[in-house]
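Engineer: below are the sequence and a predicted model for it; my questions follow.
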Amino acid sequence: MTAWAEIDLAALVTNTATVRERVAPAELMAVVKDDAYGHGLDEITRALAAESITAFGALDPQTALRVRQLAPEASVFAWLLDGHDELGVLIDNDIELGVTDSDTLERVARENRRSRVHLKIDTGLSRAGVRAERWPNLVERAAQLERRGAIEVVGVWTHISEASDDEDTASIGRFSTAFELAVAAGLNPRVRHLAASAASFARADARFDRVRVGAFLYGIAPGDGVGPTELGLRPVMTLRSTVLEAVDGVAAIGYGGVAGMLSDAAGAVSVAIGGVRHPVLAVEDSRTLIATGDHAVDVGDVATLFGSGDSGEATLQVWADAMGTIGEELVTRVHPGIERRYRG
Ligand SMILES: *Cc1c(COP(=O)(O)O)cnc(C)c1O
């Protein structure tokens, strides 16, 4: 293998403890969507379950069902339910369902098995969720369905931008109103959840009963100059590769792919070999060219693309900032064929 991703499970455990302590007494829901942000769903879920994580956020049905097998005792939450005929299977497996519109509410209710649902209000992001003007009708209907035993409303939730404090404050206000309306309609949702990594870390008023955290568990910082160290987090993934060829001040390392995570790397980032950083010149389909100048670089040398910084490499956040994206985006695009090597 000419490229691999090292996954530091000890760093994952440390980050999890850091986040937990920070958000307490709110409960931590560990988000493991997108193959645990490219870190490998099975190993990450097992490691988190061993840390007694009580709630997992899975996004899609397939991920949720896998998490259910790996963490039989935990609460598992899925919210991408459209276009799937799998509601029955999810309910059989005790997956909690994130309901984002009235059609989904009716579909779940038709299963008539007192399935546990979390109703989502749109508090300004306008991505998914029931709009404020339709919320009173939705909670009335949900209360009716609950009285019939078709569903059980266990939660109310929303998603916020975490890009502007003022917008987030407005969203938190709308969320509290939505919760009160749900209670007034006769519902008794025990779990309110709104915040992802950034807001859960920064704002006590965003934490409510549970927070849904992905990025920070993996040591992925929000970017814009804020790195993991500033937050007390450790990067979990280190991406490495070997030198395939070294001629006249240019070396080729394994792993390229014009459409992959390296597509915007040329001219933006550098790769560390023996503690020295070398700029990326070009990304070809199956290899990446770096400028090594006068440095002695040999075939077989290990190149570190991004990671903890321990080998002189830049962090993922530096890469993401330089490539005009966010860390989550890059790690989820590390090719699935790249071996994940676990330690810790
Ligand atoms: C991905 C996701 C999260 C986690 O976001 P991070 O910023 O990675 O912590 C939380 N909630 C929802 C709905 C998500 O889709």
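Structural biologist: Yes, it's here.
Engineer: what segments of the stretch 201-344 of the chain are strands?
Structural biologist: Counting by DSSP state E, counting those that start in this stretch, the stretch 201-344 of the chain has these strands, from start to end: 210-213, 237-247, 250-254, 270-273, 276-283, 287-291, 302-306, 339-343.
Engineer: roughly how far out does the last one sit from the chain middle?
Structural biologist: Put simply, strand 339-343 sits 19 Å off its chain's centre (CA atoms, centre = their mean, to the nearest Å).
Engineer: can you list the residues of the chain near the ligand?
Structural biologist: Residues of the chain lying near the ligand by CB under 6 Å from any ligand atom: 31, 33, 159, 196, 197, 212, 213, 214, 215, 328. Quick note: C-beta positions are derived from backbone N, CA and C, even for glycine.
Engineer: looking at these, state which has the most neighbours.
Structural biologist: The most crowded member of the residues of the chain next to the ligand, judged by other CB atoms under 10 Å, is residue 213 (26 neighbours).
Engineer: pLDDT below threshold where in the stretch 1-150 of the chain?
Structural biologist: 1, 83-84 (pLDDT under 70).
Engineer: in it, which residue sits closest to the ligand?
Structural biologist: residue 31 (4.2 Å; CB to the nearest ligand atom).
Engineer: the stretch 201-344 of the chain now?
Structural biologist: residue 214 (3.0 Å).
Engineer: just to check, that residue is in contact with residue 198?
Structural biologist: No. The criterion here is CB atoms under 8 Å, and residue 214 misses it with residue 198 at 10.9 Å.
Engineer: ok, the spatially most central residue of the chain to residue 197 distance?
Structural biologist: Relative to the mean C-alpha position of the chain, the nearest C-alpha, by CA atoms, centre = their mean, is the one of residue 214, at 3.5 Å. The spacing between residue 214 and residue 197, counted by CB to CB, to the nearest Å, is 6 Å.
Engineer: same question, residue 89
Structural biologist: For residue 89, the distance to residue 197 - CB to CB - is 30 Å.
Engineer: enumerate every residue touching the residue of the chain most remote from its centre.
Structural biologist: The outermost residue of the chain relative to its centre, with distances by CA atoms, centre = their mean, is residue 248 at 41.5 Å. With contact set as CB atoms under 8 Å, 6 or more residues apart in numbering, residue 248 has no partners.
Engineer: please apply the same query to residue 217.
Structural biologist: Neighbours of residue 217 in contact, by CB under 8 Å, 6+ apart: 12, 15, 16, 19, 30, 31, 48, 236.
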